[in-house]
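Q: Here's a sequence, model it:
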Amino acid sequence: MLKPVAAAFTAMNRLRARIPPPTGRAVLTVFVMLLGGILDGASVGLLMPLLATLTGTGSSSTVMQLLFPWLMELDASRQIAVLSVALFLLVVAKNVASHGSLVMASRLRANALIELRRQLLDRVLHAPPATLEKHTTGEIVAAMLAEATRVNRSIEYAVVLTQRLIMVLGYMVAVVLLSWKLTVATVLLGVVLGAISSLIGRRALNLGRDFAGASVELGRQVSETVGGWRVVRTTASEAKQAAAFERWNSAQANAEADVQLSQALMLGTAEALGIAGAMGLTAVAHTMWLAPGTMDVSRFLAFAFGLMRLLPALNQVYSLQTAVTALTGSIERTLTWLDTPRYPERPFGARSLRAIDQGITFDGVTFRYPGGTGGVREVSFHLPAGQTLAVLGASGSGKSTLVSLLLRLRQPSEGRILVDGVDHWEFSPADFHRTVALVEQDPFLFNGTIAENVAFGAPWVTREDVISSLERVHLGEFLAGLPQGVDTIVGERGATVSGGQRQRLAIARAIVRDPKLLILDEPTSALDATTEREVVLAIEAARAGRTTIVISHRPSTLERADRTLTMKDGVVIGDHDAKNGAAIGQA
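A: Numbering: from 1, shown residues only. Below is the predicted model of the structure:
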């Protein structure tokens with residue numbers, strides 16, 4: 001029965017270890033919560049002498065006589081006045097402490113959410129490529145936003161749960177001092193409520209995990225439908241996507257409704273049992289102690305009042321426990337991302353790289369993807385500085401893997417890649433990526449201006465540098481026709497520009513950095529003949545004075561290469577001089 005609670009506690013404890021609250025603020029918050037619980041319990045304890053004086057029955061408690069002997073010397077009317085004022089002040093102080101603790105806790109929660117999302121983004125930015133390829137954009141966005149918000153809600157519930165537990169503790173101390181016999185019966189009632197809470201909590205745990213899974217799938221579905229809207233429309237698949245969305249939308253909504261139903265069931269059951277138990281305890285107390293005269297009326301009334309404060313707080317504890325349990329699935333999913341190892345396992349070095357004077361060398365490089373499929377095997381070649389290498393091969397031959405290894409997006413399992421005789425892993429990330437630039441087959445443009453996209457990752461470039469690079473890739477006429485020029489928004493993924501313009505913008509983004517090594521990965525494969533000629537002219541401008549690697553099947557992008565490297569099944573099967581076809585010996 002304790003398994004759901006244990007799972008929730010374990011997940012929350014792991015989360016606390018990853019996102020520890022500020023020690024001083026956390027201690028102060030708990031102290032104020034504890035103070036509120038003590039004041040609340042004290043207000044219940046103060047009822048007994050007040051009721052004893054009001055009813056004229058029994059006597060004030062021994063504790064009151066020891067702590068405040070001067071009060072006992074006052075007449076009844078003054079005692080009532082003093083006790084009433086004291087009770088009022090205690091209640092006010094308790095509420096101030098409770099409110100203050102919630103305010104402080106709200107700041108802790110806000111800071112926790114900020115830190116959680118910061119850590120999640122850090123994990124995404126530094127996750128191994130295989131992890132990013134395994135998860136969809138929708139999944140990652142769901143983890144960053146929806147799941148993080150639900151985790152923060154679990155922290156909120158945990159904070160309130162802590163406060164209610166402290167209140168319950170205060171009430172328990174008060175009722176124990178009033179009557180330990182009735183307190184034993186109350187504890188037994190609490191055990192029954194706890195057993196029921198555990199049963200409901202187990203169901204809430206499973207429902208919460210179902211909800212978390214459905215939320216991820218719903219995010220993935222929305223992301224794919226919106227991102228692939230062209231494919232959806234041109235294949236008349238609107239109904240298919242709508243049906244898939246409806247399936248996950250209903251699954252998520254129904255799972256959330258079931259979670260809320262479980263929480264409502266716990267709250268209603270606990271309240272019903274609590275009231276029934278309170279009535280039963282009151283009847284027992286009246287029959288066994290009050291009627292025979294072994295308990296005075298003031299003590300009985302004070303206990304009844306304390307019981308009426310204790311049971312609702314206990315109900316809230318079990319309800320909040322169920323709520324936290326229901327959110328365990330979101331916490332577990334978030335922790336999965338927080339536990340993602342950082343890439344690379346072998347840290348990059350700090351060597352400076354400003355130029356490439358000797359060239360690029362692959363020395364027995366081997367890499368296999370997880371599962372042992374694909375990759376490259378024992379690749380060796382040397383590309384002298386200033387030359388252009390064309391890499392040929394069918395799809396799946398290892399060309400793009402070669403580029404990923406050179407860009408340090410993958411780590412060789414064997415062999416080395418040398419830049420001017422130095423292992424390329426030894427260079428600092430900032431220097432290496434300033435010296436090396438990539439233009440992909442399907443370049444990514446951000447939803448910003450042309451200038452922002454061209455200068456992305458190069459904060460040192462000026463507006464004049466941006467315009468100059470755009471003119472070099474023959475986009476000057478295009479810019480002249482735009483009312484806002486380089487300040488024109490290109491839309492998400494460059495939706496407002498053509499394929500050729502998007503490709504040339506990517507080339508401009510590469511050359512504005514003045515890289516020493518330029519990598520072109522199928523830069524013209526998806527373009528028509530006219531657009532291809534425009535891009536080839538841009539490539540020629542970009543290649544000037546640089547070491548260049550071109551992956552392409554188009555003769556137009558290969559004809560100016562100095563040498564060709566042919567690959568098949570991850571192995572180099574040909575290394576030739578592109579001018580005369582003569583074979584070149586491996587490095």
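Q: What mean pLDDT does whichever strand or helix holds residue 254 get?
A: Element membership for residue 254 (DSSP states H and E) is helix 238-285. Per-residue pLDDT over helix 238-285 has a mean of 70.
Q: cool, and stretch 417-425?
A: The average pLDDT for stretch 417-425 rounds to 93.
Q: Would you mind writing the CA trace of that stretch as PDB?
A: The C-alpha coordinates for stretch 417-425 follow below in PDB (Å, rounded to 0.1, in the frame of the first residue of the first chain):
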ATOM      1  CA  ILE A 417      41.100  13.800 -36.800                       C
ATOM      2  CA  LEU A 418      44.000  16.300 -37.000                       C
ATOM      3  CA  VAL A 419      43.900  20.000 -37.800                       C
ATOM      4  CA  ASP A 420      47.400  21.200 -38.600                       C
ATOM      5  CA  GLY A 421      48.700  18.100 -36.900                       C
ATOM      6  CA  VAL A 422      46.700  18.600 -33.700                       C
ATOM      7  CA  ASP A 423      43.800  16.400 -32.600                       C
ATOM      8  CA  HIS A 424      40.700  18.500 -33.400                       C
ATOM      9  CA  TRP A 425      39.300  17.600 -29.900                       C
END
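Q: Which residues outside it are in contact with it?
A: If you take Cβ atoms under 8 Å, 6 or more residues apart in numbering as the criterion, stretch 417-425 is touched by 344, 346, 348-349, 351, 353, 356-363, 365, 385, 405-406, 408, 411, 416, 427, 432, 517. No exception for glycine: its C-beta is placed from N, CA and C like everyone else's.
Q: about what we covered before: now the element after the helix holding residue 254, going C-ward?
A: Taking DSSP H and E, what comes next after helix 238-285 is helix 297-326.
Q: From the contact counts, what lies against that next one?
A: Packing partners of helix 297-326 (3 or more Cβ pairs under 8 Å, 6 or more residues apart in numbering; DSSP states H and E): helix 3-18, helix 23-55, helix 148-178, helix 180-227, helix 238-285.
Q: Which strands and helices lie in contact with the first one?
A: This means helix 3-18. Against helix 3-18 (3+ Cβ pairs under 8 Å, 6+ apart) you get helix 148-178, helix 180-227, helix 297-326, helix 328-338.
Q: I'd like to know which of those helices has the weakest mean confidence.
A: Among the helices and strands packed on helix 3-18, helix 180-227 scores lowest, with a mean of 68.
Q: Now do the same for residue 461: helix, strand or coil?
A: coil (DSSP: H, G, I helix; E, B strand; the rest coil).
Q: distance of it from residue 474?
A: Look at residue 461 and residue 474: by Cβ to Cβ, to the nearest Å, they are 19 Å apart.
Q: Likewise for residue 500?
A: 10 Å.
Q: So between those two, which is more surrounded?
A: When neighbours are counted by other Cβ atoms under 10 Å, residue 500 and residue 474 differ, and residue 500 comes out ahead with 22 against 17.
Q: so which strand or helix has that one?
A: Take DSSP H and E as the rule and residue 500 turns out to sit in helix 499-511.
Q: Tell me the helix or strand right after that helix.
A: Next along the chain after helix 499-511, taking DSSP H and E as the criterion, comes strand 517-521.
Q: by contact count, what packs against that next one?
A: helix 399-406, strand 436-439, helix 529-543, strand 547-551.
Q: please redo it, this time with the cut-off set to 6 Å
A: strand 436-439, strand 547-551 (3 or more Cβ pairs under 6 Å, 6 or more residues apart in numbering; DSSP states H and E).
Q: just for the stretch 1-150 of the chain, where's the confidence low?
A: 1-6, 41, 44-76, 79 (pLDDT under 70).
Q: And for the stretch 401-550 of the chain?
A: Scanning the stretch 401-550 of the chain with the threshold set as pLDDT under 70 gives 523-535, 537-538, 541-544.
Q: tell me which element the closest residue to residue 152 other than its chain neighbours is part of?
A: Closest residue to residue 152 apart from its sequence neighbours, by Cβ to Cβ, 6 or more residues apart in numbering: residue 113 at 4.2 Å. Per DSSP H and E: residue 113 is located in helix 76-125.
Q: could you dump the next helix or strand after that helix to PDB, C-alpha only?
A: Where DSSP H and E defines the elements, the next helix or strand beyond helix 76-125 is helix 129-134. Output in PDB follows, covering the C-alpha atoms of helix 129-134 (Å, rounded to 0.1, in the frame of the first residue of the first chain):
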ATOM      1  CA  PRO A 129      23.300  13.600 -30.500                       C
ATOM      2  CA  ALA A 130      21.800  10.100 -30.300                       C
ATOM      3  CA  THR A 131      19.500  11.300 -27.500                       C
ATOM      4  CA  LEU A 132      18.300  14.300 -29.500                       C
ATOM      5  CA  GLU A 133      17.700  12.100 -32.500                       C
ATOM      6  CA  LYS A 134      15.700   9.600 -30.400                       C
END
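Q: Go ahead and measure how far helix 129-134 is from the middle of the chain.
A: On the basis of Cα atoms, centre = their mean, to the nearest Å, helix 129-134 sits 16 Å off its chain's mean C-alpha point.
Q: Can you give me the buried ones in stretch 415-425?
A: Within stretch 415-425, the residues scored as buried using 16 or more other Cβ atoms under 10 Å are 415, 417-420, 422, 424-425.
Q: what do you get for stretch 326-338?
A: Buried residues in stretch 326-338, defined by neighbour count with 16+ other Cβ under 10 Å: 326-335, 337-338.
Q: need those residues in JSON lines with distance to residue 446, can you?
A: JSON lines is the format used below for these (distance: Cβ to Cβ, whole Å):
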{"residue": "326", "distance to residue 446": "37"}
{"residue": "327", "distance to residue 446": "34"}
{"residue": "328", "distance to residue 446": "36"}
{"residue": "329", "distance to residue 446": "33"}
{"residue": "330", "distance to residue 446": "29"}
{"residue": "331", "distance to residue 446": "32"}
{"residue": "332", "distance to residue 446": "32"}
{"residue": "333", "distance to residue 446": "28"}
{"residue": "334", "distance to residue 446": "26"}
{"residue": "335", "distance to residue 446": "30"}
{"residue": "337", "distance to residue 446": "23"}
{"residue": "338", "distance to residue 446": "27"}
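Q: and which of those is nearest to residue 380?
A: Of all the buried residues of stretch 326-338, residue 380 sits closest to residue 337, with 38.1 Å by Cβ to Cβ.
Q: Surely that closest one and residue 122 touch.
A: No: the criterion here is Cβ atoms under 6 Å, and residue 337 misses it with residue 122 at 10.1 Å.
Q: how about the spatially closest residue to residue 390 that is not a sequence neighbour, phi and psi?
A: Leaving out its chain neighbours, the residue that sits closest to residue 390 by Cβ to Cβ, 6+ apart is residue 561, at 3.7 Å. Here is the backbone geometry of residue 561 (degrees, to the nearest 10): phi -70, psi 150.
Q: What's the local residue count around residue 21?
A: By the criterion of other Cβ under 10 Å, residue 21 has 20 neighbours.
Q: The closest residue to it other than its chain neighbours and residue 35, how far apart?
A: Leaving out its chain neighbours, the residue that sits closest to residue 21 by Cβ to Cβ, 6+ apart is residue 108, at 5.2 Å. Distance, residue 108 to residue 35, using Cβ to Cβ: 17 Å.
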